[in-house]
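# My questions are about this predicted structure, shown below with the sequence.
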Amino acid sequence: MGSKIKRNQITVISLGRGKRGLKLEKNLKTAASAVLTVLKQSGVCLEIYLAGGQRMLSLNKKFRGKNKAADVLSFNEPKSFISGQSHKPLGEIFLNVAKTCKSDKSYGDYMAYLLIHGILHLLGYNHIKKNDIIKMERKERQLLNKI
C-alpha cells in the first residue's frame, strides 16, 4: 500500500488594488502547486502576498535593512510556530506586483520566477556563496521549465 499524498494549502492574498487582479492570483496559485509537486512537498501551507512597491520597500527596510523595494521576500515560519492546522506551515512569500514588463506574458513569467525563487528560499536554498548561487539558479531554471 502506498502512502496517501496530502494536498498542499496555498493561499494568495492581494494587499492592494493591482490591475492584474484575480488572473494573476489564480496563475500564481497554480504555479505554486506545480512547483511544490515537482519538489515533492506535500501537506504544506504556503501564503503568497501580492504587494506594491511601497510595502515591499517598507518590508525590505524593516527585515533586511535595505532601502529599496525588493522583488521578492520570503519568511519561514518559526520552528516553534503552532498553527493548529493539519498542514505544516512552510512560510510566506511577498511578491512585488508593481514590477512592470513589456507584455503580460513576460510579466507572468517573471512573477513565476520570483515565486520559485521565494519557495526555494523557504526550502533552504540561498545565494550567499558562489556555489550556492549556481545550485539555486540551476534549480530555478529546472523548475521554470517544468511548470
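Happy to help now that I have it. Numbers count the residues shown, from 1 in each chain.

# Check which helix or strand R138 maps to.
Taking DSSP states H and E as the criterion, R138 maps to helix 130-146.

# quick one: low-confidence ranges for this structure?
1-5, 17-21, 79-86, 100-105 (pLDDT under 70).

# ranges for the strands of it?
Assigned by DSSP state E, the strands in the chain fall at 9-14, 44-51, 72-76, 88-96.

# Could you point out which of those sits nearest K26?
The closest of the strands of the chain to K26 is strand 9-14. By C-beta to C-beta, the value is 7.9 Å. (Glycine included, C-beta is placed from N, CA and C.)

# Hmm, S74 is touching I93, no?
Yes. Using C-beta atoms under 8 Å, S74 is in contact with I93, at 4.9 Å.

# if we can go back for a sec, with distance to Q142 and mean neighbour count added, can I get the strands of the chain in a markdown table?
A markdown table is the format used below for the strands of the chain (distance: least, C-beta to C-beta, whole Å; neighbours: other C-beta atoms under 10 Å):
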| stretch | distance to Q142 | mean neighbour count |
| --- | --- | --- |
| strand 9-14 | 20 | 16 |
| strand 44-51 | 19 | 22 |
| strand 72-76 | 18 | 19 |
| strand 88-96 | 19 | 21 |
